[in-house]
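A.B. asks: Below is the sequence, then the predicted model.
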Amino acid sequence: MNKVAPTFGEAVADVPDGSVLMIDGFAGPGGTPQNLIRALRDHGARDLIIVSNTAGLASVIGFGTIPGDRPTDIGVLVENEQVAKIIASFPVSPSPSRPTAFERAYLEGKVDLEVVPQGTLAERIRAGGAGIPAFYTPTGVGTLMAEGKEVRSFEGRDYLLETALKADFALLRAHRADTLGNTQYRGTSRNFNGVMATSADTVIMEVDEIVESGEIDPGAVHTPGIYVDRIVEIA
Amino acid sequence: MNKVAPTFGEAVADVPDGSVLMIDGFAGPGGTPQNLIRALRDHGARDLIIVSNTAGLASVIGFGTIPGDRPTDIGVLVENEQVAKIIASFPVSPSPSRPTAFERAYLEGKVDLEVVPQGTLAERIRAGGAGIPAFYTPTGVGTLMAEGKEVRSFEGRDYLLETALKADFALLRAHRADTLGNTQYRGTSRNFNGVMATSADTVIMEVDEIVESGEIDPGAVHTPGIYVDRIVEIA
Amino acid sequence: MQQKERLDREIVAMRVARELRDGDVVNLGIGIPTLCSQFVPEGRSVTYHSESGVLGYGPMAEPGEEDVDLINAGGQFLAPSPGMSFFNSVEGFAMIRGGHVDVAVLGALQVSERGDLANWMLPHRGIGNVGGAMDLAVGARRIIVAMEHTDKSGSPKVVRECSFPLTAPECVSLIVTDIAVMQVAHDGLILTETAPGWSAEDVQALTEARLDVSPDLGDFRL
Amino acid sequence: MQQKERLDREIVAMRVARELRDGDVVNLGIGIPTLCSQFVPEGRSVTYHSESGVLGYGPMAEPGEEDVDLINAGGQFLAPSPGMSFFNSVEGFAMIRGGHVDVAVLGALQVSERGDLANWMLPHRGIGNVGGAMDLAVGARRIIVAMEHTDKSGSPKVVRECSFPLTAPECVSLIVTDIAVMQVAHDGLILTETAPGWSAEDVQALTEARLDVSPDLGDFRL
């Protein structure tokens, strides 16, 4: 049950056209699986549906980016015309003068978009991994997000019905993993990595370091190994 | 914002009659706040509604109990006639010849019972803490648990609607806490402690050890301090 | 016929253990199921899940080594194992309901010919322990029941319709008892194996549900 | 009147910071809100929450000390602080929706006299970043808006009805701008403080919503 894959390319080689992928990308490169994204670009699978917090911001406006760094994010998949749709909470550049690759493609009608409030996005992914098909949330009531959705009152307050999100693959980034896939994230890079790991059929992680099983404190594992299918060490 | 309370008695002194309490008690004494339970017995608040996984088993049948030990559990509150109702997944003794205090009181009509599947119980408590008023679950469809509940189909499968649980107080047990209330549990004792901490207005913890803030690895905190109101160190 | 020898609990557990595949995540219920982990064939790596909040635990703790903070859902003491991990009850059941547990081995009071499971409440007691059984029954990808073929009074536990309160309808895939192995198929139960000395007729006589006999019927495969 | 001096961003942040109480858990949005943490009065201990997955973080990181694994929701680099904790996005938003965040300080494009908030989308752009704003607007116990009183073209941002897409209806408790402090009451907005040199009439002239003037109207309390 050794889950270590030899290369990033081999780790994503079986992603078919039309896949639904969850890919971490919170705001900056922290937590973003830059190597797996580049491997997926080289692999070339098309018509992808990507679930991610942003739609590729780090490389455009430097959110969360060390000055001088030019991190890779899912913007390269959009530029390479591999993306059919993005489901995100923060899809566009906050600076209208510096639009993202996604934004240009969206305005040209080349890619679809579903904007989801960030907490609802996290909760929908969690629901997908936890066997909860749908839940009610107060977020979005009385806004555009409520269009076409059931509104229901509990104890006098209105809530929206939201449904679970699942994916075929997740491309994630962690700090350490043991050979069984038990994983720890570093700092705020846990963000969506920690939940996307539970909701995709095949979970692929790039990590700074792979250690032997038993080297991670069992009380400090963030993602238990049963969720993780493939691990690639960043050279 | 020092949250350290001097004694167990002072930590529970303001629990009024009729309170809803979440009290950990998974199977054995691990994770059970034995000192706070004894303090609540001595305090004497009555007509309590208690949410707990069991209704007091460890002292009766030795589940999870080191031979020779006689741990305290919520059975003492039932014996002391302080309990109006218990919401639990595992309320009775698996050995009919050794009934629990709760079981005797229930059969005498002195206390009410709501039996909830363990996963639904955990999820309802989580929902209470996470601002989710209700969710759908496959658990209990086609059983007694479905009585009076909405059944709804998503993608061809039936689910039950379940609602959030909240409490006035939680009595919990952890291994370590810092003075801000950042908490770590030991091993399987995290169980319901880790979720009840999010869903009660006032969260009271007994811990083996209180340390200074900064002594717990921020990546290994199980319950962030904002959830915890009072901490008492076990002498 | 009642004099024929029934298999002991360890053999039932051994038969169930053969069903576990390399890489499976497995939850073992209280009773016979707990025994299965001792009998997993060599070369298969199985990860054990307990809704007490642990994955990848080791064997039962030795006397004197008990730790109240390392138990299974039946309150039994576990030994640690490298690579295990701990989590709270919400996560433990998210794993179950979310389909991350491959196999749950459960005891039963009754199983119907459609695979309905009743294992949490004796109706005459009027009160029961559901614990995690309902979540496991709907969430684990495969449910194997391991139990005695009849109850203490000799009544069949493999029935046409469960008379006891259900844990979940149509959830059981395989029934292993102390005299037989039965697959739950779309149109009923298929008897595939019998204990040594037991014929298909012998088993049927202690079974309320009608059993289709597999053309490959044979002895318990251990 | 447009020549009267407006308060700078730091003063607006300082005024908001006075609203934070000892023990509060506070989420600071992008822009002016981020500045508030510098101005919390002595003796008050405030715990900062960011939906990037951290509680109890320190001040902004010094240049050269940036860590891509320690950022706020606006992608700014944070310094560590003793007693902080990390968690994933599910937990971060459970804290928000579950009522565990006492105060959220948010920027706004428009606020209505009922406290409706619009801060995520300019309609002419046709696409917007909702981020965590809708969750914060419905989940935090108290919402304070910190913003300029008018937009870049001089149009009022405190309006009768928001013309921009809403973030949440009736969620704002207090509005602090560069010329005024306004409470959202059941029957409308109450002007309680003005910037030095600004009269209630001056503020009303730049405000579309009708302002009730508090009998205790005074200067900005800093």
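C.D. replies: Looks like it came in fine.
A.B. asks: Tell me the first helix or strand C-terminal of the worst-scoring helix or strand of chain C on mean pLDDT.
C.D. replies: In chain C, the helix or strand scored least confidently by mean pLDDT, DSSP states H and E is helix C:32-35, which has a mean of 95. Once the chain leaves helix C:32-35, the next helix or strand it forms, by DSSP states H and E, is strand C:47-50.
A.B. asks: What strands line up against that next one, and which way round?
C.D. replies: Its sheet considered, strand C:47-50 pairs with strand C:25-28 (parallel), strand C:54-55 (antiparallel) by DSSP bridges.
A.B. asks: Now tell me what touches it from outside.
C.D. replies: Strand C:47-50 is contacted from outside by A:180, A:225-226, B:188, C:23-28, C:37, C:55-57, C:71-73, C:78, C:92, C:95-96, C:101, using CB atoms under 8 Å, 6 or more residues apart in numbering or on different chains. In short, each C-beta sits where N, CA and C put it, glycine included.
A.B. asks: Please identify the most buried of the strands paired with strand C:47-50.
C.D. replies: Counting by mean count of other CB atoms under 10 Å in any protein chain shown, strand C:54-55 has the highest mean neighbour count of these, with a mean of 28.
A.B. asks: re earlier: got a quick ChimeraX command for the buried subset of the contacts of strand C:47-50?
C.D. replies: Listed next is the ChimeraX selection for buried residues among the contacts of strand C:47-50, using 16 or more other CB atoms under 10 Å in any protein chain shown:
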select /A:180,225,226 /B:188 /C:24,25,26,27,28,37,55,56,57,71,72,73,78,92,95,96,101
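A.B. asks: The contacts of strand C:47-50 in strands, which ones?
C.D. replies: The strands, defined by DSSP state E, take in C:25-28, C:55 from these.
A.B. asks: Of the residues you listed, which pair is most distant in space?
C.D. replies: Taking CB to CB as the measure, the ones in strands among the contacts of strand C:47-50 span a maximum distance of 12.7 Å, between C:28 and C:55.
A.B. asks: Please say whether there is contact between stretch C:116-135 and chain A.
C.D. replies: No: residues of stretch C:116-135 are not located near chain A by CB under 8 Å from any CB of the partner chain, the shortest gap being 8.6 Å.
A.B. asks: Return the residues of chain C in contact with chain A.
C.D. replies: So chain C meets chain A at C:22-23, C:25, C:45, C:47, C:49, C:54-56, C:80, C:82-87, C:93-100, C:139 (CB under 8 Å from any CB).
A.B. asks: hmm, 6 Å instead?
C.D. replies: Counting by CB under 6 Å from any CB of the partner chain, the residues of chain C close to chain A are C:23, C:25, C:45, C:55, C:82-86, C:94, C:97-98, C:100, C:139.
A.B. asks: Weed out the non-buried ones from those.
C.D. replies: So, by 16+ other CB under 10 Å, the buried ones in the residues of chain C next to chain A are C:25, C:55, C:83-86, C:94, C:97-98, C:100, C:139.
A.B. asks: As a quick check, tell me the outermost residue of the chain.
C.D. replies: No chain was given, so I picked chain A. Here the centre of chain A is the reference, and by CA atoms, centre = their mean the most remote residue is residue A:156, at 34.8 Å.
A.B. asks: Chain C is the one I meant
C.D. replies: Largest separation from the mean C-alpha position in chain C: residue C:64, at 28.8 Å (CA atoms, centre = their mean).
A.B. asks: and the helix or strand of chain A with the lowest mean pLDDT, is it in reach of chain D?
C.D. replies: The weakest-scoring helix or strand in chain A, judged by mean pLDDT, DSSP H and E, is helix A:58-61 (a mean of 76). No: figure legend: helix A:58-61 not in contact with chain D (CB under 6 Å from any CB); closest approach 7.8 Å.
A.B. asks: other SSEs contacting that helix?
C.D. replies: If you count contacts as 3 or more CB pairs under 6 Å, 6 or more residues apart in numbering or on different chains; DSSP states H and E, helix A:58-61 packs onto no helix or strand.
A.B. asks: can I have it written out in PDB, keeping just the CAs?
C.D. replies: Extracted C-alpha coordinates of helix A:58-61, given in PDB (Å, rounded to 0.1, in the frame of the first residue of the first chain):
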ATOM      1  CA  ALA A  58      -1.400  34.600  -7.500                       C
ATOM      2  CA  SER A  59       0.400  34.900 -10.800                       C
ATOM      3  CA  VAL A  60      -1.600  38.000 -11.800                       C
ATOM      4  CA  ILE A  61      -1.800  40.300  -8.800                       C
END
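A.B. asks: so where do the strands sit in chain C?
C.D. replies: For chain C, applying DSSP E gives strands covering C:25-28, C:47-50, C:54-55, C:85-86, C:103-106, C:110-112, C:117-118, C:142-146, C:158-159, C:172-176, C:180-185, C:188-194, C:211-219.
A.B. asks: can you tell which of these is closest to residue B:204?
C.D. replies: strand C:85-86 (22.6 Å).
A.B. asks: Quick check: closest non-adjacent residue to residue A:37.
C.D. replies: Once flanking residues are discounted, residue A:37 sits nearest to residue A:72: 5.4 Å by CB to CB, 6 or more residues apart in numbering or on different chains.
A.B. asks: Show me what from chain A comes close to chain C.
C.D. replies: By CB under 6 Å from any CB, the residues of chain A that approach chain C are A:1, A:129-131, A:180, A:182, A:213-214, A:218-219, A:221, A:224, A:226.
A.B. asks: 10 Å - rerun?
C.D. replies: Residues of chain A lying close to chain C by CB under 10 Å from any CB of the partner chain are A:1-3, A:126-132, A:164, A:166, A:178-183, A:198-199, A:201, A:212-227.
A.B. asks: Let me know the next secondary structure element after the helix of greatest length in chain A.
C.D. replies: If you go by DSSP state H, chain A has its longest helix at helix A:118-130. Next helix or strand after helix A:118-130 toward the C-terminus (DSSP H and E): strand A:134-137.
A.B. asks: For the buried ones among the residues of chain C next to chain A, give me CSV that also has pLDDT.
C.D. replies: As requested, these are exported to CSV (pLDDT from 0 to 100):
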residue, pLDDT
C:25, 98
C:55, 98
C:83, 96
C:84, 98
C:85, 98
C:86, 98
C:94, 98
C:97, 98
C:98, 98
C:100, 98
C:139, 98
